[in-house]
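> sequence? don't have it. structure:
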């Protein structure tokens, strides 16, 4: 009885310092992490990260959210650093399953960050391609549709690349692509086998004739449309104006009328 009581008391005495160290590391670490996350958010807002992301085509996806792009990045930084704090805090107790789980999550974070960057860059490229096509072929009846299709296709490739980066492309995108290709192949086989060769031949002749008629219009619109350099210059001028306006408001000055 005495030995059991002594062993229990020894276990408590050994555990209490570890618990206090765990709580101290957790509290201090989370306070530091929160300060770092706020600093990251302020820096991103100062450098115009939100405006750059919105021009990249993410604005619509964030319209229904209460967070902007800089808030989301700050949250990601906060939770990523919080994982390191938890790993350090649980390490006080020695090897344990929770530390092993957090270690695996931390090892996954770099791939997740790269995947997010891929999606943002793909969205920016998709928005730029859409703007160029609309500026070049906006006067044609199908110009807007063609711009939207190109933008969605580029964004789809970016999403596929991001999923591949985090290791889920083979389980998600591959079955979807196989289903789409199988559907298209089935439609072609059934249509050709069902006697749609001549109607489709007539349709292709009509499409080619329309393309020949539209070719001069496309060249005309392409010649009169602003170049990519002009579009980039206008976008840069707009960005500079947006940067000056908040600065003037902060100084209490008003633009001359």
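Ah, there it is. Not measured: the values here are computed from a predicted model.
> State the mean pLDDT of the strand or helix carrying residue 176.
Using DSSP states H and E, residue 176 falls within helix 169-193. Helix 169-193 shows a mean pLDDT of 71.
> Which parts of this protein are helices?
Here the chain has its helices, by DSSP state H, at 2-46, 49-53, 59-62, 69-90, 97-137, 143-166, 169-193, 197-224, 228-251.
> would JSON lines of those helices with mean neighbour count be doable?
Yep, even glycine has a C-beta here, placed from its N, CA and C like the rest. Below are the helices of the chain laid out as JSON lines (neighbours: other CB atoms under 10 Å):
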{"stretch": "helix 2-46", "mean neighbour count": "13"}
{"stretch": "helix 49-53", "mean neighbour count": "18"}
{"stretch": "helix 59-62", "mean neighbour count": "13"}
{"stretch": "helix 69-90", "mean neighbour count": "18"}
{"stretch": "helix 97-137", "mean neighbour count": "17"}
{"stretch": "helix 143-166", "mean neighbour count": "17"}
{"stretch": "helix 169-193", "mean neighbour count": "11"}
{"stretch": "helix 197-224", "mean neighbour count": "11"}
{"stretch": "helix 228-251", "mean neighbour count": "11"}
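> Can you list the low-confidence ranges for this protein?
1-3, 52-65, 137-142, 169-174, 177, 190-201, 203-204, 221-232, 235-236, 238-257 (pLDDT under 70).
> could you redo the last one with a cut-off of 80?
1-13, 48-70, 120, 133-143, 146, 167-178, 180-181, 184-257 (pLDDT under 80).
> Please tell me how far the closest residue to residue 121 other than its chain neighbours sits from residue 124.
In space, and not counting its chain neighbours, residue 121 is closest to residue 158: 7.0 Å by CB to CB, 6 or more residues apart in numbering. Distance, residue 158 to residue 124, using CB to CB, to the nearest Å: 9 Å.
> now do residue 233
18 Å.
> next one: residue 144
Taking CB to CB, one finds residue 144 at 20 Å from residue 124.
> and if you look at residue 15?
Residue 15 is 52 Å from residue 124, by CB to CB.
> cool, and residue 114?
Taken as CB to CB, the span from residue 114 to residue 124 is 16 Å.
> next one: residue 237
19 Å.
> Next: residue 75.
In terms of CB to CB, residue 75 sits 21 Å off from residue 124.
> go on, residue 7?
Distance from residue 7 to residue 124, by CB to CB: 63 Å.
> Check residue 150 too.
14 Å.
> And for residue 49?
Relative to residue 124, and taking CB to CB, residue 49 is found at 12 Å.
> do residue 44 as well
When residue 44 is compared with residue 124 (using CB to CB), they lie 16 Å apart.
> repeat for residue 32
33 Å.
> try residue 12
58 Å.
> go on, residue 211?
From residue 211 to residue 124 the distance is 31 Å (CB to CB).
> With residue 176 instead?
For residue 176 relative to residue 124 (CB to CB), the value is 24 Å.
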